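Enquirer: no FASTA, just this:
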């Protein structure tokens, strides 16, 4: 069984092991959209895969002590989950449970970041996330 958005899982570690990165002035990676593919519309599995990928990247950053990067990945994941919540069909079998598990995992990693970083504002963000995606989104967006 493959992963959706596998680059989210592979690229951070791959780049971390590079001694140099060369940036070229052309697009060398392109995804062709065609009917029936994961690029054809935004399916439930694709959206949750992106969120899970952000959580995975955040854990990688956290293990390496890159707290700002971990915070960015987790904030992106939480806001994406919030902003796209209506797009998930939570009436389908398993979707509600998978959505809830993804949110729990997001909270777990955000709590770990708050514990490791030790800042009061990070602990407040983690508490806002535990209170709900809407509370978290309002708090983050109000703070700018």
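Expert: That came through fine. No experiment lies behind these values; they were computed from the predicted model shown. Numbering: from 1, shown residues only.
Enquirer: Look at the spatially closest residue to residue 69 that is not a sequence neighbour and give its secondary structure.
Expert: Nearest residue to residue 69 in three dimensions, chain neighbours excluded: residue 61, at 4.1 Å (CB to CB, 6 or more residues apart in numbering). The C-beta positions use only the backbone N, C-alpha and C, and glycine is treated the same way. Put simply, residue 61 is helix when judged by DSSP: H, G, I helix; E, B strand; the rest coil.
Enquirer: surely residue 61 meets residue 55?
Expert: No: if you go by CB atoms under 8 Å, residue 61 and residue 55 don't touch, sitting 10.8 Å apart.
Enquirer: so what sits against both of these two?
Expert: Common contacts of residue 61 and residue 55 (CB atoms under 8 Å, 6 or more residues apart in numbering): residue 73.
Enquirer: Do a quick rundown of the strands in this protein.
Expert: For the chain, no strands are identified by DSSP state E.
Enquirer: what separates the residue nearest the centre of it from residue 21, distance-wise?
Expert: The residue lying closest to the centre of the chain (CA atoms, centre = their mean) is residue 54, at 2.6 Å. Distance of residue 54 to residue 21, computed by CB to CB, to the nearest Å: 21 Å.
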